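Q: build me a model from this:
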Amino acid sequence: MLDKIYLIVIILLLIITPLVVLYYYKKGKIKGAGEFLDLIIAGGFEQKVKDFKQLNQNVKLGGVVFVGDSITQDYNIHEWYPNCHCYNRGIGGDTTINLLKRLDVSVYELKPKKIVLLIGTNDLELTNDSEISIAKRVEKIIKEIHAFDDIEIFLLSVLPTNQTMDKNTVGKRSINRIMALNKYLSEIKHVNYIDMFSKLIDENQYLKESYSIEGLHLSQLGYQVMTDVLKPLLFD
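A: Numbers count the residues shown, from 1 in each chain. Model prediction:
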């Protein structure tokens with residue numbers, strides 16, 4: 001009899017728990033800030049920064065650092081640039097706001113010769129800031145890096161998206177907003193601006209389907225395009 005009761009309790013928990021989580025997630029979203037998701041992102045951010053701090057103790061200094069969000073994090077740079085001296089310091093969900101807080105661990109401690117910077121797409125989704133405000137934070141990142149050392153910076157345009165593939169994942173990252181942001185990014189001085197946007201779009205100016213997983217993140221074909229552009233600039 002007790003075994004049957006325990007079985008019933010377990011079944012009820014398996015049914016109810018996901019519903020409770022979903023309820024509070026939706027409630028958090030309705031309240032306006034996506035606080036539930038924000039907590040998850042914040043926890044991942046803090047752990048990644050701790051990991052970088054530990055890794056920095058064992059790396060050879062003076063290479064090329066790739067800095068950014070999940071598009072950088074998912075870039076398998078050691079496979080794409082074999083035998084090259086580089087580091088990946090991308091964090092999924094990162095924004096210009098958070099990147100400003102981790103420059104010491106993600107850049108300065110590595111004393112890199114070159115930086116590949118790709119950031120801003122999550123600002124479009126997770127903040128209510130204008131494109132010019134986001135671009136000004138990117139400019140601040142660049143100025144702070146140059147104040148630390150005269151490091152050559154390659155600033156990549158924010159990549160295109162494709163809402164026809166998965167509009168929920170793409171979210172508020174519309175092509176028009178990305179193009180507006182890229183216009184401001186292209187005007188930032190003392191960097192090597194690279195228009196990666198135009199190299200990844202289809203005839204409708206959407207992220208080409210073969211270059212993407214779900215309309216936001218890149219497939220390996222997409223990373224091939226990026227590598228073909230960057231490799232001669234960074235290592236050849």
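Q: pLDDT wise, what is the spatially most central residue of the chain at?
A: Against the mean C-alpha coordinate of the chain, by C-alpha atoms, centre = their mean, the closest residue is residue 69 at 1.6 Å. pLDDT recorded at residue 69 is 96.
Q: what's the spacing between it and residue 144?
A: Applying C-beta to C-beta, to the nearest Å, one obtains 18 Å for the distance of residue 69 from residue 144. (C-beta placed from N, C-alpha, C; glycine too.)
Q: cool, and residue 102?
A: Residue 102 sits 11 Å away from residue 144, going by C-beta to C-beta.
Q: buried residues in stretch 197-206?
A: Taking 16 or more other C-beta atoms under 10 Å as the neighbour-count basis, stretch 197-206 is seen to contain the buried residues 197, 199, 200, 201, 206.
Q: need the CA coordinates for that stretch. PDB is fine.
A: Coordinates of each C-alpha in stretch 197-206 appear next as PDB, following Å, rounded to 0.1, in the frame of the first residue of the first chain:
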ATOM      1  CA  PHE A 197      26.900  41.100 -41.900                       C
ATOM      2  CA  SER A 198      27.000  41.500 -45.700                       C
ATOM      3  CA  LYS A 199      29.000  38.200 -46.100                       C
ATOM      4  CA  LEU A 200      26.300  36.100 -44.300                       C
ATOM      5  CA  ILE A 201      23.000  37.300 -45.800                       C
ATOM      6  CA  ASP A 202      20.800  35.900 -48.500                       C
ATOM      7  CA  GLU A 203      19.000  37.900 -51.200                       C
ATOM      8  CA  ASN A 204      16.400  39.200 -48.600                       C
ATOM      9  CA  GLN A 205      19.200  40.400 -46.300                       C
ATOM     10  CA  TYR A 206      18.400  37.600 -43.800                       C
END
